[in-house]
Structures are given as structure tokens and as C-alpha cells.
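**Student:** Predicted model and sequence follow; I will ask about them next.
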Amino acid sequence: DVKVTQSSRYLVKRTGEKVFLECVQDMDHENMFWYRQDPGLGLRLIYFSYDVKMKEKGDIPEGYSVSREKKERFSLILESASTNQTSMYLCASTRGGANTEAFFGQGTRLTVV
Amino acid sequence: QQQVKQSPQSLIVQKGGISIINCAYENTAFDYFPWYQQFPGKGPALLIAIRPDVSEKKEGRFTISFNKSAKQFSLHIMDSQPGDSATYFCAASGATSGTYKYIFGTGTRLKVLA
């Protein structure tokens, strides 16, 4: 069974903290993505990576950075957490090429207080 | 140009009824249109997908209708069941600088009444 695993289901962090969200996939997928999900706004792309050490900004990269040192692992970093970053964060992966299915993790509910 | 507009935001349907969710896009470079289903506490999962060379795709009770000239596509759920209650996202994908990424709609929360 294919899997995308996010390290935490729930996180509570304080304003100004540096936060790491980890994602691991076991499908040898080339592409990995970080989305945030907010009611009424759908899934918005933060960053994606199409290869190890490669990254591209999505639609809402401000306040975030990413790291992909190994093919199976993609980390999202909140450099200095703020309350407006309270959200559900979803990691996804796809094979390389066109029209490939996206597999999602179960999500991390982050609350910044 | 990169947006996918989805409606309605929420939908309540009686058991056995037809649920219809609509999406519209602007970028003609999109060439793959999947629908994802998300249950509470879970990540989205692929439900059904269509490419623009066909106007309709059916899988069981789920059908995608695609209108290329209008740049619209819709999901029809026939004989809706309480177990179909979930959030549904349409999406579009196409090559951007050689990399494929998804643009998602804002989601529709479907509730099917027993």
C-alpha cells in the first residue's frame, strides 16, 4: 500500500518559533508538494520539489521554506511562526511526468498561539 | 489564469439524489482534470479524472462531464449515499516549465442525508 506519512497529526507552537513539518513517501516519487488547506480557500500550493535539492515556489511561499535532501523526504519550515500560519498542512507526492495521481498524507493541524 | 473556480461551497442532498459540483478554469494549457475526495481527518484521495480529449468519463456512480469550449467540468454523483458525505476538490494540471503541478478548487462540502 502506497504511503505518504506526515510526522505529526497535531502541533501547537508559539509565535516566533521555528517549526519543522516532515513528510516521507515510500513510492520513489520524483515530485513532492506542500499545500495548506483553509476553509473556503481550498488547497493552496506553498512549495514543490521535482528532484532532490530542487525546489520551486508555489502560490503562497511567503514565511515558508523547504528542504529536500533525500528523494523520499520533503520538509516544510516555518522560519518564525505567526498566528496567520495556523492551518492544516498537507504533503503530497507524484511520479514524474504528466497526468499522474497525487498521493496525500493525512495532514498536520498546526496551531500557532 | 491559474485559478480553478469551484461551486457550490456546500451542498446538501437527500439519499438517492444526484449531487452536482461544477468547476471552471481559464488556462488552456491544463490537460488533466482530476477530482479528489476528502473525508474528515484524512488527506484527499483521487476519485476520478478526465483528459480533454473526451467529454465524459464514468466510474460507477461517479461521472465527470467535460466541456472544452466552455472550459468547464463537473462531477455528478448518482444515487448519492450518506457514505459519500465528504469534501470534494476539483483540480487541473498542466506542464509549467516542464513540471506538472496541480491547481485545486476551493472545495465543496457535500452532506447526504439518510
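**Tutor:** Nice, thanks for sending it over.
**Student:** Kindly state the beta-bridge partners for the residue lying closest to A:Ala102 once chain neighbours are set aside.
**Tutor:** In this structure, A:Ala102 finds its nearest non-sequential neighbour in A:Ala92, 4.6 Å apart by CB to CB, 6 or more residues apart in numbering or on different chains. C-beta here means a position set from N, CA and C on the backbone, and glycine is covered the same way. When bridges are called by DSSP bridges, A:Ala92 pairs up with A:Phe33, A:Phe104.
**Student:** Identify each buried residue in whichever helix or strand A:Thr111 is part of, please.
**Tutor:** Taking DSSP states H and E as the criterion, the element that holds A:Thr111 is strand A:108-112. Neighbour-count burial for strand A:108-112 flags A:108, A:110, A:112 (criterion: 16 or more other CB atoms under 10 Å in any protein chain shown).
**Student:** May I see those residues arranged in JSON lines, with pLDDT as well?
**Tutor:** What follows is these, written out as JSON lines (pLDDT from 0 to 100):
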{"residue": "A:Thr108", "pLDDT": "97"}
{"residue": "A:Leu110", "pLDDT": "98"}
{"residue": "A:Val112", "pLDDT": "98"}
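**Student:** since we're on the closest residue to A:Leu78 other than its chain neighbours, how many residues are nearby?
**Tutor:** Using CB to CB, 6+ apart and skipping residues adjacent in sequence, the residue nearest A:Leu78 is A:Val19, 4.1 Å away. Neighbour count for A:Val19, taken as other CB atoms under 10 Å in any protein chain shown: 20.
**Student:** right, and A:Val19 touches A:Leu110 too?
**Tutor:** Yes. The criterion here is CB atoms under 8 Å, and A:Val19 meets it with A:Leu110 at 7.0 Å.
**Student:** and the strand or helix carrying B:Leu110, how far out from the chain's middle?
**Tutor:** In this assignment (DSSP H and E), B:Leu110 forms part of strand B:108-113. A distance of 14 Å separates the centroid of the chain from that of strand B:108-113, by CA atoms, centre = their mean, to the nearest Å.
**Student:** close to chain A, is it?
**Tutor:** No. Between strand B:108-113 and chain A, judged by CB under 8 Å from any CB of the partner chain, nothing touches; the nearest distance is 8.9 Å.
**Student:** which neighbours does that strand have in its sheet, and in what orientation?
**Tutor:** strand B:10-14 (parallel), strand B:86-96 (antiparallel).
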